[in-house]
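Student: What follows is a predicted protein model with its sequence.
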Amino acid sequence: MQSTSHDFIARSRAGLADGDLQQALARFQTGFTAKRAEAAARLPEFEALRDEAVEIKNHSLEHLDFYLDYFAAKVEESGGTVHWCVTPEEARQTILEICQAVGARTVTKSKSMIGEEIALNPFLEENNIEPIETDLGEYIVQLAEEYPSHIIAPAVHKTKDQVADLFYRHHKGRGADRRLEGVEELVSEARAMLRQRFIAADVGITGANFLVAETGTTAIVTNEGNGDLTQILPRVHIVLATLEKVVPTLEDMTTILRVLARSATGQEFSTYTTLSTGPKRPGDMDGPDAFHVILLDNGRSRLLGSAYRDILRCIKCGACMNHCPVYGSIGGHAYGWVYPGPVGAVLTPNLIGLKEARHLPNASTFCGRCEAVCPVRIPLPGLMRRLRQEEFDAKLLAPRYRLGLSLWAWFARHPGFYHLAGALGVGLLRLLAARRGRFARLPFAGGWTAGRDMPAPEGGSFHAQWRRGRRV
Amino acid sequence: MSRARIIESVRRGLGRGELPEQAKAALVARLNGGGNNLIPARSARPHAEQVALFVEMAQGVQASVARVDGGAAVPGAVADYLAQHNLPSDIVMAPDEALDAYPWAARPLLNMRRGKAEDSDQVSITGAEMAFAETGTLMLTSAGARPSTLNFLPETHIVVLRAEQITGAYEEGWKYLRARAGDVATLPRTVNLITGPSRTGDIEQTMQLGAHGPRRLHIIIVGP
């Protein structure tokens, strides 16, 4: 996918000024967080399960070469095919060849962030194959010619009215001729429209939440059932997954499943957890004739050897963005690439380069909520801090920021001068404020004073007061 | 070849070469050990209470549940449910012989076809492999007489479950499937864990049932 991450600051401003987006985000911010807290509280073992999930992911990553080979061998044993792909180009080409070999004209897809990562839809379209997103949220953003703004709630930035307009515009010529109002009607219409596409599709493409080495099984979770219709109706099922999705056993998958839905939506368990092993068996009345797994690297093996290995534990639940005050203010599109929010702030610079995505690690108040709720305890603020350091070291910051940071660092290392400068600053501000006691405008703080006055300091600096024995 | 490049790159990332045979053997032992991780205590209880927990959890996710004393009452329970919800009595049922145990002929008004589901089918009936009290979850597996389309295409999915098929945690299901497969640790093509009817929250986080799969999931539990 083409990145606009370099444009983060302008896109954030646009997000803040977008009334529809702000309306959608206001609703979003309370729902998921409360439900997650309730789900965690209902399960006494929740914290212990998080610890086990961390261990399982770390163990799997530590032995990734072994488990990948084992998984691939098991897939082949059950009649499937594994395609190892280093780059997005390789993955796209492989998928195209599989589709062309069966003369595919339409392809149904259930949610896959890797599909976004490799920009699969535009590529299939260029090759005269029509991709149809079937997750309702993905379908909405596909109709809107946008991309997901959240990894589990792709259309969270859209209001019901916007969806109603979209459906009216796109479904008009296909038997639906009035603009709908209610959520129930909208869901029913999408169901009817997509049902025909499911039936007609030649190939179904799903992502994978897990690759189970023990049995050569791929697993997905959905609430809608679209992932199931995507894979049992067409002749060919293609699974698109990156390397780090592999876990050793069904029991290991189960432990992670116990924290996944609870962290994501606050559900006890997703409605559908589906395990797929090979193509249909002799005598089966339905299911695909062929089963392909695309095993994509795209930078994961490099991350394994970096200081950012922990990010590979991510199970893509979305809890970090659900709890992020920055995401909740600007929405997911501001981040400019596939993964928004705190996980995106770490993953994006690592996958597409720090130069392009250098703003993202700075889009955090380091409040720490993301790390507190991450089911696999990824130290997100720590990793973002590290990326900020890299940004500074690589001289990617504008000179005035570098100068500012360097000045501050110098003073921080020289406490005598720090105190002196502090005392001078306090005195100067008091002098300038004169009798009014506040500033309507201040140089370098225009953004702050645009909305409120800056009060002038009272008394001395914190250090001066501390020295004089003031403790409260 | 891409496999070799990826494996080599993974090993470079891990800062080591191929694992020694001894280490591999330990991992194979872990893979085949069937060892459990932590299982929440919630579902560890006597069977009758597991059944009660299953019912409570399934209803909590908008499935409906009916309980009947014996197999003879199953066709009547199906007919009652369909009448209550104004649903057609044309049904597609899995050709699963486990479902032959119920006296369908006693209800001649139920118009039944055995086979996989088509788009036009409104109501399906299947059995289940097992059910887990932990979250009110059903486990269905694909086989010649158990087509998976029955679980997803019709708007109403009726599952006939014997009470003794209800157990505590998902891990019981993996044990059962491994034992059934014997030495070949291969699962059926499709294993569906189903927890309530299909739903979506994709429009303004408003939960709506029947996104793509069934709008209604009705579970008939046979026996005490």
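Tutor: Right, received. Where do you want to start?

Student: CA only for contacts and neighbour counts going forward, please
Tutor: Fine.

Student: Closest residue of chain B to chain A?
Tutor: Residue nearest to chain A within chain B: residue B:13 (3.6 Å; CA to the nearest CA).

Student: looking at this, that residue is in a strand?
Tutor: No - applying DSSP: H, G, I helix; E, B strand; the rest coil, one finds residue B:13 to be helix, outside a strand.

Student: can you pull the pLDDT of it?
Tutor: At residue B:13, the model reports a pLDDT of 97.

Student: just residue A:178 next, same as before
Tutor: 87.

Student: so what's it up against?
Tutor: Residue A:178 makes contacts with A:168, A:172, as judged by CA atoms under 8 Å, 6 or more residues apart in numbering or on different chains.

Student: That one sits in which helix or strand?
Tutor: Residue A:178 belongs to no helix or strand when assigned by DSSP states H and E.

Student: now it: how far from chain B?
Tutor: Applying CA to the nearest CA, to the nearest Å, the value for residue A:178 to chain B is 19 Å.

Student: now residue A:329
Tutor: Counting by CA to the nearest CA - residue A:329 and chain B are separated by 17 Å.

Student: repeat for residue A:357
Tutor: Distance from residue A:357 to chain B, by CA to the nearest CA: 23 Å.

Student: next one: residue A:404
Tutor: Taken as CA to the nearest CA, the span from residue A:404 to chain B is 37 Å.

Student: Give me the contact list for the host helix or strand of that residue.
Tutor: Element membership for residue A:404 (DSSP H and E) is helix A:399-413. Helix A:399-413 has contacts (CA under 8 Å, 6+ apart) with A:392, A:395, A:417, A:418.

Student: Now the residue of chain B closest to chain A: closest residue in space, sequence neighbours ignored.
Tutor: Leaving aside its chain neighbours, residue B:13 sits nearest to residue A:305 (3.6 Å; criterion: CA to CA, 6 or more residues apart in numbering or on different chains).

Student: Could you identify the helix or strand that succeeds the helix or strand containing residue A:30?
Tutor: Take DSSP H and E as the rule and residue A:30 turns out to sit in helix A:19-42. Once the chain leaves helix A:19-42, the next helix or strand it forms, by DSSP H and E, is helix A:46-62.

Student: Of all the residues in that next one, which ones are buried?
Tutor: A:46, A:49, A:50, A:52, A:53, A:54, A:56, A:57, A:58, A:60, A:61, A:62 (16 or more other CA atoms under 10 Å in any protein chain shown).

Student: same deal with stretch A:278-291?
Tutor: In stretch A:278-291, counting by 16+ other CA under 10 Å, buried: A:278, A:279, A:280, A:281, A:284, A:285, A:286, A:287, A:288, A:289, A:290, A:291.

Student: In those residues, find the pair that's most separated.
Tutor: Maximum pairwise distance in those, criterion CA to CA, is 16.0 Å, between A:285 and A:291.

Student: neighbouring contacts of the helix or strand harbouring residue A:263?
Tutor: For residue A:263, the host element (DSSP H and E) is helix A:250-264. The contact list for helix A:250-264, computed with CA under 8 Å, 6+ apart, reads A:32, A:36, A:39-40, A:46, A:49-50, A:52-53, A:56, A:152, A:210, A:212, A:214, A:247, A:267-270, A:315, A:317-319, A:373-375, B:34-38, B:170-171, B:174.

Student: Name the residues of the stretch 51-200 of chain A found near chain B, please.
Tutor: For the stretch 51-200 of chain A, the residues in contact with chain B (CA under 8 Å from any CA of the partner chain) are A:52, A:62, A:64-66, A:78, A:84-86, A:136-137, A:153-156, A:158-160, A:163, A:183-184, A:187-188, A:191, A:195, A:199.

Student: Can you tell me which of those residues end up in helices?
Tutor: A:52, A:62, A:64-66, A:136-137, A:160, A:163, A:183-184, A:187-188, A:191, A:195, A:199 (DSSP state H).

Student: Out of those residues, which end up buried?
Tutor: Buried, going by 16+ other CA under 10 Å: A:52, A:62, A:64-66, A:136-137, A:160, A:163, A:183-184, A:187-188, A:191, A:195, out of these.

Student: Need the residue closest to the centroid of chain B.
Tutor: For chain B, the residue nearest the mean C-alpha position is residue B:139 (2.2 Å; CA atoms, centre = their mean).

Student: pLDDT score assigned to the nearest residue to residue B:201 once chain neighbours are set aside?
Tutor: Distances taken as CA to CA, 6+ apart place residue B:207 nearest to residue B:201, at 4.5 Å, with adjacent residues excluded. Residue B:207 is assigned 93 on the pLDDT scale.

Student: Under a three-state scheme, what state does the residue in the stretch 151-300 of chain A that chain B sits nearest to occupy?
Tutor: Closest residue of the stretch 151-300 of chain A to chain B, CA to the nearest CA: residue A:284 (4.1 Å). Put simply, residue A:284 is coil when judged by three-state DSSP.

Student: quick one: contacts for it?
Tutor: Residue A:284 touches B:142, B:143, B:144, B:145, B:146, B:147, counting by CA under 8 Å, 6+ apart.

Student: From those residues, list the ones also adjacent to chain A.
Tutor: Near chain A, by the rule CA under 8 Å from any CA, you find B:142, B:143, B:144, B:145, B:146, B:147 out of the contacts of residue A:284.

Student: just to revisit the earlier point, surely the residue nearest to the centre of chain B forms part of a helix?
Tutor: No - with three-state DSSP as the criterion, residue B:139 is strand rather than part of a helix.

Student: thought residue B:211 was touching residue A:222?
Tutor: No - contact criterion CA atoms under 8 Å: residue B:211 and residue A:222 do not qualify, at 10.7 Å.

Student: Tell me which of these two has more neighbours.
Tutor: Higher neighbour count among residue B:211 and residue A:222: residue B:211, with 28 against 23, using other CA atoms under 10 Å in any protein chain shown.

Student: The more buried one and residue A:77: what is the separation?
Tutor: With distances taken as CA to CA, to the nearest Å, residue B:211 is found 35 Å from residue A:77.

Student: how about the helices of chain B, start to end?
Tutor: In chain B, the helices defined using DSSP H lie at B:2-14, B:21-32, B:47-60, B:74-84, B:170-181.

Student: Can you add mean neighbour count and distance to residue A:387 and give those helices back as a markdown table?
Tutor: Formatted as a markdown table, the helices of chain B follow (neighbours: other CA atoms under 10 Å in any protein chain shown; distance: least, CA to CA, whole Å):
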| stretch | mean neighbour count | distance to residue A:387 |
| --- | --- | --- |
| helix B:2-14 | 19 | 19 |
| helix B:21-32 | 13 | 35 |
| helix B:47-60 | 20 | 44 |
| helix B:74-84 | 16 | 59 |
| helix B:170-181 | 16 | 40 |
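
Student: Can you lay out those as TSV showing distance to residue A:132?
Tutor: Listed next are those as TSV, based on distance: least, CA to CA, whole Å:
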stretch	distance to residue A:132
helix B:2-14	29
helix B:21-32	37
helix B:47-60	32
helix B:74-84	34
helix B:170-181	33
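
Student: wait, what's in contact with residue A:129?
Tutor: Residue A:129 touches A:104, A:105, A:106, A:107, counting by CA under 8 Å, 6+ apart.

Student: Just want the phi and psi numbers for the first one.
Tutor: This points to residue A:104. phi -70, psi 140 (degrees, to the nearest 10).

Student: Could you report the pLDDT at the nearest residue to it once chain neighbours are set aside?
Tutor: Closest residue to residue A:104 apart from its sequence neighbours, by CA to CA, 6+ apart: residue A:202 at 5.2 Å. With respect to pLDDT, residue A:202 scores 98.
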